[in-house]
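S.K.: Okay, here's the prediction I keep looking at, along with the sequence it came from:
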Amino acid sequence: MNKTIRFFLIALLAVGFLTPDAIAQDVLIRNATVLTVTNGTLEDTDVLITDGIIAEIGTDLRAPRGISEFDASGKFVMPGIIDAHAHIALSSVNESTSPVTAEVSMEDVTNPYSLGIYRASAGGVTVSHIMHGSANIIGGQNETIKHRWGATNPDDIRLEGAPRTIKFALGENPTRVHGRRASGGSGAIVPATRMGVEQVLHSAFENGKRYMEAWNAYNAEAATNPRAIPPVWNERLEVMADILRGEILVHCHSYRADEIVMLTRVLGDYGVDRITFQHANEAFKVAPELAEFGAHASVFADWWSYKFEVYYSTSYNAAILMRNGVLTSINSDSAELNRHLYHEAAKSQRYGDLTDDEALSMITINPAIQLGIQDRVGSIEIGKDGDIAVFDSHPLSIYTIPVLTFVDGVKIFDRENDMDDMRVDINPTAEVGEYEGQITGHDHMHSNEEVADAMSFFESVAKIDFDGHDQHNH
Amino acid sequence: MNLFMTLLLALGFFLPQQAQQQDDIARQGTYAITNARIETVANGTIERGTVVIEGDRIIAVGENVIIPESARVIDGSGLHVYPGMIDSGTSLGLTEVGSVAETNDTNEIGDITPHMNALTAVNPNSVAIPVTRVSGVTTVIAEPSGGLLPGTAAMINLFGYTAEQMTAGANSVIVQFPQEPSGDRPWWGQTGPDRRKERYRNNMAKLNEVFDRAVLYDRIVTAYEADPSGKERPVYAPEMDALRPVLSGDISLMVKVNAADDILKALTWVQDRELPNVVFSGVNEGWRVADQLAEAGFPALVGPVLATPTRSSDRYDRAYANAGLLSEAGVTVALRSGESKNVRNLPFNAGFAATYGMGKEAALRAVTLGPAEIFGIDSDYGSIEVGKKANLFVSNGDPFETSTDILALFIDGFNVPIESRHLDLYEEFLNRDAGRLQPIEILPADN
């Protein structure tokens, strides 16, 4: 049996063959120290989740009949962590064929079987913003996913109702990919410089604006003239028009202060007022300008010097931005870092002495705001989704261990029942039934028959390579 | 003057007996850190004690020590003193900006280049060095990379104006042990013979040939040196010359290997060749063969700890737990970050190792006295003891915790200012004058 099928099975076993809708989404967490993020810290508090939604927060809550209870005495409960910049769960990342490819979308390459989802969940992460790469100035549309590990349909892991977002990129990556294509030879096209980057942006927005105006004019005329001729449909310009209409949030890969300010000017020219600068290593240099524009930043805790445009950066970036009133999140951009975003956020206490709540806000409510999903997730409040991470000690301590993760009230990760070897078929030549022992330790038990059914089903599924796609372009 | 110093002065942290302005230049002298909690590592914790530094050495440690009159006194009340941390695997100083080839000196041309000395190419003025040392990491191994025998790694202290001033007195010749390709399937779509396996076999053959030749070269040169009369002088072969101290055991051979099967092959290989001084490095899958590693008795430089598991089917926390599992099995473990510019994350790597099974004490040892012993420099480094080099730092807490600040730093007895470009930029931009702030003008689109 090949690796492909193993991972189907792992995915299935994690939540017991069931689609998320069919799983009980009710849980009562008892006696925890609850870090609500938006409403302070509540000691010795219960959190009740019913139908996947936080229903009650309080002490000595009455347990609904039959609900699974978890005693979190001595433990810390925080909102599920949100990674505003990830490339997990994607089977491709960069449509690097043109400086503007607004029409492509990560919607089409979302892979619910990606092991990255499980491993991020093991670090308390429940939502990831899975992004197009940074090869193009206007790269492609992103997806906001929930870590519903075990779902088999890509549509089932999308955070339904999340605003559309799009990836932009400035600086070295697009100028290298396009302007230095074929080593600056005949294949090179604009942009090779930051001047070119700005002009590509201007042209894309101007063409989008004219396209939108042409459709507006047509729609107006068509109301009275049935013979009005519509403009030629153009998916790329449709997306640009949707950005102008405020229907798509811009998330821009950027590093240098000058290019960051440049984009605010271009966006200002076209009346686009919502922007999150991703990475933004030099955002701290123009923090007052960003605060004035209302721009947000989503940064690394400490990455620098891997390329020239991040050489003059500082690990105090997040703290400077926060102190200057720029709404800031800490992201991973990495299948390694996204397993310990709580630790990345904690670094802002060494680098700038942020408070616990400020540090935690950068991996919860702030990225939620940047993704436009703050009404659903990002804090522990009644009515929000039951996305919860449980830690055995304060999540900002180096000595903490995430022990339980719930998404929509469904337990996705449980350290106690985590398997040493996640393969179902450790011996590929053995009969399926021999592995009962491998899975009984897991939260959801399966009969041999269930496993056999699953294996025969997935052996018929097309081979997909699940590994090696968690690539990233910084 | 940086923020920390300003703060410390405001708190009366520095109480020089002779009124003296704290300057930004690292200087040796006589210093006394008083009333601090001293984590000696070698001899437990002194809850309230004093460390006296003179020149490059620690001259007194204890609860009741006489403070020399000339000493500048640092009041360590409520503070902690730790030995400087040692990172057992980095490329710090050899690389400045990852993507800019001109700033990378890790990888010389050729597969067999053990004579390339990292110490030669370490840039004492790398911006990453101050960025690293203000985290309490005072000493690192800087490693060349690329090829089978990429060069000779150097243990360096993170303060000095020349490479010679930075050396901590240990070198190690690196061998990148060939990695046998796993699985029976070549890369997707590849037909014909599996080139990866062919390359592996060639590399093993080459490695064996190099060491066979080195043994022969050593015998010839040794014989010539003992009695040159009547003999033709052997042709100078620098790569062979560089391997002679490895054969004699004067310098360790650092075997970089990660996969479990490769670790076992490497164990057999070094045992068959009877190499006298061997350390293993990386060993990401060491936990799978921990007992064999322990039995063989070679120390392991483990890490990075903050890494993903090597196999998709592995428990999610294997990389975090690896060092602890090896340690538990009886392997002598030191930790390495594997970093270039973020070697400052060594204490966090150690913190994760501690959390996932190793325990705080063992993890601290694995970034202090442990590596000093492995590299035979424990008479100078790794703990706070009389007679050792003054490589230590003062913090307001556990240095593995992210909320802890490092407040003072000594390397080779130099009182090194807590300054780095990252701190400089923080000071400059935290409260930047926003007076020049211009509102973004909304211009006509065609402008």
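M.R.: In hand now; what should we look at?
S.K.: just checking, residue B:41 touches residue B:366?
M.R.: No - counting by C-beta atoms under 8 Å, residue B:41 does not reach residue B:366; the two are 10.5 Å apart. (Glycine included, C-beta is placed from N, CA and C.)
S.K.: Which one of the two is surrounded by more residues?
M.R.: residue B:366 (33 against 21; other C-beta atoms under 10 Å in any protein chain shown).
S.K.: Just the pLDDT for that one.
M.R.: Note for residue B:366: predicted pLDDT of 98.
S.K.: which residues does the nearest residue to it once chain neighbours are set aside form a beta bridge with?
M.R.: Once flanking residues are discounted, residue B:366 sits nearest to residue B:335: 4.6 Å by C-beta to C-beta, 6 or more residues apart in numbering or on different chains. Counting by DSSP bridges, residue B:335 forms beta bridges with residue B:302.
S.K.: What number of residues are in the vicinity of residue B:335?
M.R.: 32.
S.K.: which ones are touching it?
M.R.: By C-beta atoms under 8 Å, 6 or more residues apart in numbering or on different chains, residue B:335 lies in contact with B:87-88, B:301-303, B:305, B:323, B:346, B:349-350, B:353, B:363, B:366-367, B:371.
S.K.: Same question for residue A:103.
M.R.: Here residue A:103 is in contact with A:140, A:235-236, A:238-239 (criterion: C-beta under 8 Å, 6+ apart).
S.K.: Could you report the neighbour count for residue 367?
M.R.: You didn't pick a chain, so chain A it is. Neighbour count for residue A:367, taken as other C-beta under 10 Å: 32.
S.K.: actually it's chain B I care about, not the one you picked
M.R.: Residue B:367: 32 neighbours (other C-beta under 10 Å).
S.K.: and if you look at residue B:75?
M.R.: Using other C-beta under 10 Å, the number of residues around residue B:75 comes to 17.
S.K.: related to what we said a few turns ago, out of the contacts of residue B:335, list just those in strands.
M.R.: Assignment to strands by DSSP state E places the following of those there: B:87-88, B:301-302.
S.K.: and those residues, which are buried?
M.R.: B:87-88, B:301-302 (16 or more other C-beta atoms under 10 Å in any protein chain shown).
S.K.: Just give me the closest of those to chain A.
M.R.: For those, the closest approach to chain A (C-beta to the nearest C-beta) belongs to residue B:87, at 15.4 Å.
S.K.: Verify the stated contact: that closest one with residue B:337.
M.R.: Yes - in this structure, residue B:87 is within contact of residue B:337 by C-beta under 8 Å, at 5.3 Å.
S.K.: out of the contacts of residue A:103, who's nearest residue B:98?
M.R.: residue A:140 (25.6 Å; C-beta to C-beta).
S.K.: Next SSE downstream of the helix or strand hosting that closest one?
M.R.: For residue A:140, the host element (DSSP states H and E) is strand A:138-141. Under the assignment DSSP H and E, the closest C-terminal helix or strand after strand A:138-141 is strand A:143-146.
S.K.: Low-confidence regions, the chain specifically.
M.R.: Since you didn't name a chain, this refers to chain A. Residue ranges of chain A with pLDDT under 70: A:1-22, A:182-185, A:425-474.
S.K.: That was the other one, I meant chain B.
M.R.: Using pLDDT under 70, the flagged stretches of chain B are B:1-23, B:183-193, B:435-447.
S.K.: those helices in it, which residues are they?
M.R.: B:3-10, B:118-121, B:128-133, B:163-166, B:195-226, B:238-248, B:260-272, B:290-296, B:318-329, B:346-353, B:360-365, B:369-374, B:421-429 (DSSP state H).
S.K.: so which of the contacts of residue B:335 comes closest to residue A:252?
M.R.: residue B:349 (31.7 Å).
S.K.: ok, the closest one touching residue B:302?
M.R.: No - contact criterion C-beta under 8 Å: residue B:349 and residue B:302 do not qualify, at 9.4 Å.
S.K.: got a list of what the residue in the stretch 351-474 of chain A positioned nearest to chain B touches?
M.R.: Nearest residue of the stretch 351-474 of chain A to chain B, counting by C-beta to the nearest C-beta: residue A:398, 3.4 Å away. The contact partners of residue A:398, by C-beta under 8 Å, 6+ apart, come to A:343, A:346, B:348, B:351-352, B:354-355, B:398, B:400-402.
S.K.: Can you tell me which of those residues has the most neighbours?
M.R.: residue B:352 leads the contacts of residue A:398 on contacts (other C-beta under 10 Å) with 30 neighbours.
S.K.: A strand includes the residue of the stretch 351-474 of chain A closest to chain B, no?
M.R.: No - read with DSSP: H, G, I helix; E, B strand; the rest coil, residue A:398 is coil and lies in no strand.
S.K.: check contacts around the residue lying closest to it once chain neighbours are set aside.
M.R.: Leaving aside its chain neighbours, residue A:398 sits nearest to residue B:351 (3.4 Å; criterion: C-beta to C-beta, 6+ apart). By C-beta under 8 Å, 6+ apart, the contact set of residue B:351 is A:398-399, B:363, B:400-401.
S.K.: Any chance of a PyMOL selection covering the buried ones in the contacts of residue A:103?
M.R.: Here is the PyMOL command that selects only those of the contacts of residue A:103 that count as buried (16+ other C-beta under 10 Å):
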select buried, chain A and resi 140+236+239
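S.K.: Export the contacts of residue A:103 to JSON lines and append columns for secondary structure and distance to chain B.
M.R.: Shown next, in JSON lines, are the contacts of residue A:103 (DSSP: H, G, I helix; E, B strand; the rest coil; distance: C-beta to the nearest C-beta, whole Å):
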{"residue": "A:140", "secondary structure": "strand", "distance to chain B": "23"}
{"residue": "A:235", "secondary structure": "helix", "distance to chain B": "22"}
{"residue": "A:236", "secondary structure": "helix", "distance to chain B": "18"}
{"residue": "A:238", "secondary structure": "helix", "distance to chain B": "19"}
{"residue": "A:239", "secondary structure": "helix", "distance to chain B": "18"}
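S.K.: How many residues are close by residue 374?
M.R.: Since no chain was named, I'll use chain A. Neighbours of residue A:374 (other C-beta under 10 Å): 18.
S.K.: not what I meant, chain B
M.R.: Residue B:374: 24 neighbours (other C-beta under 10 Å).
S.K.: got it, and residue A:225?
M.R.: Residue A:225 - counted by other C-beta under 10 Å - has 10 other residues nearby.
S.K.: before we move on, what about residue A:224?
M.R.: Neighbours of residue A:224 using other C-beta under 10 Å come to 7.
S.K.: And it, how far from residue A:233?
M.R.: Distance of residue A:224 to residue A:233, given as C-beta to C-beta, to the nearest Å: 22 Å.
S.K.: Next: residue B:430.
M.R.: In terms of C-beta to C-beta, residue B:430 sits 50 Å off from residue A:233.
S.K.: neighbour count winner among the two?
M.R.: Taking other C-beta under 10 Å, residue B:430 and residue A:233 do not tie; residue B:430 has more neighbours (16 against 9).
S.K.: residues touching the more buried one, list them.
M.R.: So residue B:430 contacts A:316, A:319-320, A:323, A:352 (C-beta under 8 Å, 6+ apart).
S.K.: What does it show for phi and psi?
M.R.: Main-chain dihedrals, residue B:430, degrees, to the nearest 10: phi -60, psi -50.
S.K.: Contacts for the strand holding residue A:140 next, please.
M.R.: By C-beta under 8 Å, 6+ apart, strand A:138-141 touches A:94-95, A:99-107, A:132-133, A:164-169, A:200-201, A:204, A:239-240, A:248.
S.K.: With just CA atoms, put that strand into PDB.
M.R.: Taking C-alpha atoms only, strand A:138-141 is exported to PDB below (Å, rounded to 0.1, in the frame of the first residue of the first chain):
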ATOM      1  CA  ILE A 138      -0.700  40.400  -7.900                       C
ATOM      2  CA  GLY A 139      -0.400  36.700  -7.300                       C
ATOM      3  CA  GLY A 140      -3.700  35.000  -6.600                       C
ATOM      4  CA  GLN A 141      -6.600  34.600  -4.200                       C
END
